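Peer 1: Need coordinates for the following:
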Amino acid sequence: MYSTLREHIEKIMPLTDEEFAFVEKHFSFKKFKKHQFMVQQGELVPYNYFLLFGLTKLVYTDPDTDKEYILAFAMQDWWDNDFQAYYTKTRASFSMVCLEDTQALCLSLDDFTALRAGLPKIEHFFLEKVMAGFLSAQRRILSMMTSNAQQRYEQLLAQHPSLAQRLPKTQLAAYLGVSRETLSRLSE
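Peer 2: Residues are numbered from 1 along each chain as shown. Model (predicted):
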């Protein structure tokens with residue numbers, strides 16, 4: 001399982017065996033069942049998650065209407081979390097829910113800080129991951145503002161074809177900001 005993390009990091013920066021042994025000791029392994037919360041809205045966020053296996057959604061639930069707004073999905077080889085709550089040690093604004101049985105490597109904020117202090121070059125890795133996430137979020141916001149439902153659906157299929165195949169139609173429709181009926185018409 002840790003070899004997956006090493007391969008992931010080494011896409012950006014090579015590590016010696018000694019350096020990776022130092023990285024590895026800062027993570028813990030956890031399993032989650034389908035429908036289980038990894039992060040729950042209103043709770044503290046103890047870990048950042050690197051997904052080894054499974055599928056999750058990051059969702060905001062409006063407390064007045066109980067309507068769900070899906071911000072993101074994550075699958076194996078992706079990081080996901082309510083990053084603001086994690087980094088600021090505040091209560092989560094979002095929930096992270098498993099859509100499939102999920103396995104993750106978990107990194108506490110204290111371990112994240114110790115890892116960066118003990119291996120300064122790992123900061124480059126995390127900077128690259130943060131920048132990629134930021135750029136992806138900007139593209140999604142722009143797409144929501146400037147693209148119609150058909151274009152958003154086609155963009156999702158082009159960028160993440162396996163993700164679209166694994167999601168229930170209701171979840172996919174909510175992410176795209178359309179009704180399930182509209183999604184059915186788009187996918188015909």
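Peer 1: Put the alpha carbons of stretch 20-40 into CSV.
Peer 2: Backbone C-alpha positions of stretch 20-40 (Å, rounded to 0.1, in the frame of the first residue of the first chain) are rendered in CSV as follows:
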residue,chain,number,x,y,z
PHE,A,20,10.6,7.4,1.8
ALA,A,21,11.0,5.4,5.1
PHE,A,22,10.8,8.8,6.8
VAL,A,23,7.7,9.8,4.8
GLU,A,24,6.0,6.4,5.4
LYS,A,25,6.2,6.6,9.2
HIS,A,26,4.1,9.8,9.2
PHE,A,27,1.0,8.1,7.7
SER,A,28,-1.5,5.7,9.1
PHE,A,29,-3.7,3.3,7.1
LYS,A,30,-7.5,3.2,7.5
LYS,A,31,-10.4,1.4,5.8
PHE,A,32,-13.9,2.9,5.4
LYS,A,33,-17.1,1.3,4.3
LYS,A,34,-19.5,2.5,1.6
HIS,A,35,-21.6,5.4,3.0
GLN,A,36,-19.2,6.0,5.9
PHE,A,37,-18.1,9.5,6.6
MET,A,38,-14.4,10.2,6.5
VAL,A,39,-15.1,13.8,7.3
GLN,A,40,-18.4,15.0,8.8
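Peer 1: Tell me, how many residues neighbour residue 186?
Peer 2: 19 (other CB atoms under 10 Å). No exception for glycine: its C-beta is placed from N, CA and C like everyone else's.
Peer 1: Give the closest residue to it in space, chain neighbours not counted.
Peer 2: What sits nearest to residue 186 in space, not counting adjacent residues and going by CB to CB, 6 or more residues apart in numbering, is residue 153, at 4.7 Å.
Peer 1: can you tell me which residues contact the one you found?
Peer 2: Residues near residue 153 by CB atoms under 8 Å, 6 or more residues apart in numbering: 176, 178, 183, 186-187.
Peer 1: From residue 103, how far off is it?
Peer 2: 29 Å (CB to CB, to the nearest Å).
Peer 1: ok, and the closest non-adjacent residue to the residue nearest in space to the middle of the chain?
Peer 2: Centroid check for the chain by CA atoms, centre = their mean gives residue 80 as the closest residue, at 2.5 Å. In space, and not counting its chain neighbours, residue 80 is closest to residue 74: 3.6 Å by CB to CB, 6+ apart.
Peer 1: cool, residue 104 as well?
Peer 2: Nearest one to residue 104, counting by CB to CB, 6+ apart, is residue 49 at 4.4 Å.
Peer 1: Surely that neighbour is in a helix?
Peer 2: No: counting by DSSP: H, G, I helix; E, B strand; the rest coil, residue 49 is not found in a helix; it is strand.
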